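>>> Below is the sequence, then the predicted model.
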Amino acid sequence: MSDQPLEPRRTPPQIVTVVGDSAPPPGQKKKSLGDLIFGRRLASDEEGEQQIGPLAGVPVLGLDALSSAAYGPEAALTLLIPLGVAGLAHVVPISAIIIGVLLMVYFSYRQTIGAYPNGGGSYTVAKDNLGRNWALLAGAALALDYILNVAVGISAGVGALVSAVPSLLPFTLPLCLAILLLLTFVNLRGTRESGITFLLPTYLFVGTLGVVIVVGSAKALIAGGHPMPVATPPILAVPTEGASLWLLMRAFSSGCTALTGVEAVSNGVPVFRPPTVRNAERTLTMIITILIVLLGGIAVLARAYHVGATDPGEEGYQSILSQLTGAVMGRGPFYYVTMGSVVAVLALSANTSFADFPRLCRVLALDRFLPDTFAVRGRRLVFSYGVIVLALVSGLLLIVFGGITDRLIPLFAIGAFLAFTLSQAGMVQHWRRIGGRAKHHSLWINAVGAVATGITLVVVTVSKFAEGAWIAVLVVPTLVFMFWRINRHYGVVARQVAEEQPLSLAETHDPIVVVPVQSWSKLTSRGLRFALELSEDVRAVHILTQDTMITELTPMWDELVGAPARAAGLAVPQLVLRKSTYRQFFAPLVRYVEDLRDRHPDRDVIVIVPDLVVRHWYHRFLHNNRGTVLRALLRLRGGPRVVVVNTPFYIED
């Protein structure tokens with residue numbers, strides 16, 4: 001036998017590979033209240049089932065853009081009211097320019113979809129090509145646009161409903177909040193569910209307005225451009241001023257609200273089923289085609305049938321679509337179906353924000369510019385935190401403005417066009433950077449788009465500045481500052497918790513373990529038993545007030561704790577009595593822990609908090625919940641060497 005000493009056996013690292021959880025199949029699991037309300041919890045590998053095609057993509061990502069056909073032309077015509085009949089001569093040229101800008105934006109975003117198949121929102125494109133400062137500006141602009149879209153879209157839909165049914169006027173705000181709650185609920189159930197839910201109203205809106213445009217155009221063509229209206233629209237006012245360049249610029253700026261929401265498809269490319277890029281491009285093409293037909297048709301018919309805007313603040317107000325539908329089809333059942341679809345789509349147009357705002361927040365969170373919770377998927381594989389925050393902020397806007405958010409409309413296009421411009425400028429830099437055969441063709445498409453949207457942004461900002469656009473000039477930089485402050489905080493945390501050295505076990509000392517006790521119970525017994533597993537130095541602290549008696553624990557301590565500890569070969573925990581003159585519980589206990597920490601700078605202090613856990617949430621109100629308060633105080637005042645441990649005791653009923 002060899003005299004060489006044996007090598008010590010090296011124990012291999014204990015690494016456990018987790019193959020999967022043991023959750024029961026969906027059919028075998030008992031349904032909870034959450035399952036009944038929001039649907040069963042989806043597994044991560046079920047994400048493909050939530051992806052959509054172009055048919056559902058239009059209502060999910062296109063409602064914002066399509067609904068703008070209901071208020072974009074009207075916003076432009078409203079500013080042309082002082083021109084009277086003469087104002088109708090300008091509606092087609094203004095609409096043509098808007099459609100031209102829309103086409104530039106369309107071709108530009110098709111380029112973005114192909115270049116960024118994982119979601120090419122303005123933030124992502126600007127970050128990759130222009131730098132973080134420009135990216136945060138784009139992110140803030142988009143966030144503002146999405147929030148305003150919810151508030152304005154819902155209030156516009158309820159406004160259309162109230163104008164048709166005046167008796168509902170006192171219920172404007174409750175109706176707005178009810179629609180907001182519906183949208184929140186549907187979107188928490190998943191992307192696919194929201195597409196199916198809004199499929200019918202979306203295509204009913206497109207179909208009925210399409211019929212109005214086709215029939216109205218045919219009648220106008222047959223009548224040589226001067227058709228007879230079935231229901232005569234209100235007579236236009238006598239001109240009070242001439243068509244100045246400033247007035248036409250303002251009309252164009254208001255009409256540009258029809259372009260909001262166009263960027264939604266490029267932001268939400270990952271929601272489409274394979275082939276992802278192709279389906280996203282088809283969806284964008286469908287949305288833009290429909291929008292061009294609606295905008296062009298409304299402009300042409302408005303001039304042919306002498307339909308102009310009426311003052312929303314005056315009695316007898318009628319929307320442009322109401323006048324056009326009545327003039328072409330009359331005021332029969334078709335009219336009410338059409339107007340019902342208009343109201344529904346306006347109210348539900350906020351769904352685009354619910355689809356894209358959470359995704360924008362997720363990207364910002366992954367880059368540490370928003371809290372990490374924004375990047376976590378919920379039970380239905382949607383980013384639930386973003387959905388809920390969007391609902392809360394939009395609901396606050398609706399409450400502050402009483403459900404009437406006309407003052408927010410001037411801000412509406414600012415965020416969208418700022419995001420458009422930064423996205424297209426970023427794409428120009430993208431093509432310059434990657435080169436290739438498609439470089440020059442694609443670069444010029446995005447360059448023209450950037451110039452067009454940039455000029456439009458300047459025109460909209462200048463013409464709408466006094467009407468409320470100045471608010472956007474303040475809000476967007478404020479959001480950017482908030483993003484940077486959040487990022488700075490995460491940077492500070494990362495630097496302080498970073499560790500490159502292996503686990504150090506040198507000069508370790510047993511901790512001092514403190515167990516707050518009130519009386520002898522199973523909670524006290526469980527807490528002390530766990531404390532003795534951690535250290536030999538255990539202090540049971542009993543706070544004496546006017547309502548507590550020393551005799552509760554002192555005479556029985558050796559019998560209940562000391563003797564069992566000695567029999568097990570363990571150190572006997574000390575019973576520490578602290579008198580509270582003013583009947584306080586938390587202050588004397590926290591001061592005792594702080595004193596221990598200061599007197600023993602080389603040892604950690606572990607505070608074990610026994611906690612009663614009840615089965616039903618309403619039972620919590622029957623108990624004092626001291627454990628929760630104590631944990632919060634110790635974490636606030638204890639410092640890095642005070643460790644708080646919870647030992648729960650579960651009540652069966």
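Cool, the structure landed.

>>> alpha carbons only for contacts and neighbour counts from here, please
Noted.

>>> just checking, next helix/strand downstream of the host helix or strand of residue 491?
Using DSSP states H and E, residue 491 sits within helix 470-497. Proceeding N to C from helix 470-497, the next assigned helix or strand is strand 512-517, under DSSP H and E.

>>> Packing partners of that next one?
helix 522-534, strand 538-544, strand 605-613 (3 or more CA pairs under 8 Å, 6 or more residues apart in numbering; DSSP states H and E).

>>> Residue 283: which of these is closest?
Between residue 283 and the helices and strands packed on strand 512-517, the shortest gap by CA to CA is with strand 605-613, which sits at 51.4 Å.

>>> Listing partners with orientation, what would you give for the closest one?
Sheet pairing of strand 605-613 (DSSP bridges) gives strand 512-517 (parallel), strand 642-650 (parallel).

>>> Can you check which of those strands gets nearest to residue 70?
strand 642-650 (57.9 Å).

>>> Go ahead and name everything in contact with that closest one.
With CA atoms under 8 Å, 6 or more residues apart in numbering as the test, strand 642-650 has contacts from 523, 526-527, 597, 604-615, 631, 634-635.

>>> For residue 233, find the nearest of the helices and strands packed on strand 512-517.
With CA to CA, the closest approach to residue 233 among these belongs to strand 605-613: 68.5 Å.

>>> Give me the angle between that closest one and helix 522-534.
Counting by axes from the mean of the first three to the mean of the last three CA atoms, to 10 degrees, strand 605-613 lies at 150 degrees to helix 522-534.

>>> so how far is strand 605-613 off the chain centroid?
For strand 605-613, the separation from the chain centroid amounts to 37 Å (computed by CA atoms, centre = their mean, to the nearest Å).

>>> Convert the C-alpha atoms of that strand to PDB, please.
C-alpha atoms of strand 605-613 as PDB (Å, rounded to 0.1, in the frame of the first residue of the first chain):
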ATOM      1  CA  VAL A 605     -28.400  41.400  13.100                       C
ATOM      2  CA  ILE A 606     -31.200  39.200  11.900                       C
ATOM      3  CA  VAL A 607     -34.700  40.100  12.900                       C
ATOM      4  CA  ILE A 608     -37.200  37.200  12.600                       C
ATOM      5  CA  VAL A 609     -40.700  38.500  12.300                       C
ATOM      6  CA  PRO A 610     -43.400  35.800  13.000                       C
ATOM      7  CA  ASP A 611     -46.300  36.500  10.700                       C
ATOM      8  CA  LEU A 612     -49.900  35.200  10.700                       C
ATOM      9  CA  VAL A 613     -51.100  34.300   7.200                       C
END
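
>>> C-terminal to it, what's the next element?
Next along from strand 605-613, by DSSP H and E: helix 626-637.

>>> ok, back up a step: and of the helices and strands packed on strand 512-517, who's closest to residue 127?
strand 605-613 (45.6 Å).

>>> tell me the angle of the closest one relative to strand 538-544?
On the basis of the same axes, to 10 degrees, strand 605-613 is oriented at 60 degrees to strand 538-544.

>>> What's the mean pLDDT across strand 605-613?
The average of the pLDDT scores along strand 605-613 is 88.

>>> which outside residues touch that strand?
511-516, 523-524, 526-527, 531, 593, 596-597, 627, 630-631, 641-651.

>>> ok, longest helix in the protein?
Counting by DSSP state H, the longest helix found in the chain is helix 132-164.

>>> Give the next helix or strand downstream of the helix or strand hosting residue 303.
Using DSSP H and E, residue 303 falls within helix 276-304. Per DSSP H and E, the first helix or strand lying C-terminal to helix 276-304 is helix 320-329.

>>> could you say what helices and strands the very next helix or strand once past that following helix packs with?
Where DSSP H and E defines the elements, the next helix or strand beyond helix 320-329 is helix 333-348. Here helix 333-348 touches helix 63-79, helix 132-164, helix 172-188, helix 199-222, helix 320-329, going by 3+ CA pairs under 8 Å, 6+ apart.

>>> could these go into JSON lines alongside mean pLDDT and mean neighbour count?
Putting the helices and strands packed on helix 333-348 into JSON lines (pLDDT from 0 to 100; neighbours: other CA atoms under 10 Å) gives the following:
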{"stretch": "helix 63-79", "mean pLDDT": "80", "mean neighbour count": "25"}
{"stretch": "helix 132-164", "mean pLDDT": "85", "mean neighbour count": "25"}
{"stretch": "helix 172-188", "mean pLDDT": "87", "mean neighbour count": "20"}
{"stretch": "helix 199-222", "mean pLDDT": "91", "mean neighbour count": "18"}
{"stretch": "helix 320-329", "mean pLDDT": "89", "mean neighbour count": "24"}
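
>>> between those, which one is nearest to residue 413?
Of the helices and strands packed on helix 333-348, nearest to residue 413 by CA to CA is helix 132-164, at 7.5 Å.

>>> how many degrees apart are the closest one and helix 320-329 in direction?
Going by the same axes, to 10 degrees, helix 132-164 makes 50 degrees with helix 320-329.

>>> and helix 132-164, what does it pack onto?
helix 122-129, helix 172-188, helix 333-348, helix 351-366, helix 384-400, helix 409-434, helix 470-497.

>>> Just give me the lowest mean pLDDT stretch among those helices.
Lowest mean pLDDT of the helices and strands packed on helix 132-164: helix 409-434, a mean of 81.

>>> That one - contacts with which helices or strands?
Using 3+ CA pairs under 8 Å, 6+ apart: helix 409-434 touches helix 88-115, helix 122-129, helix 132-164, helix 439-464, helix 470-497.

>>> gap between it and the chain center?
For helix 409-434, the distance to the chain centre is 21 Å (CA atoms, centre = their mean).

>>> Please state the offset of the helix holding residue 303 from the chain centre?
27 Å.

>>> same check, this time on stretch 349-362
Distance, stretch centre to chain centre, for stretch 349-362: 6 Å (CA atoms, centre = their mean).
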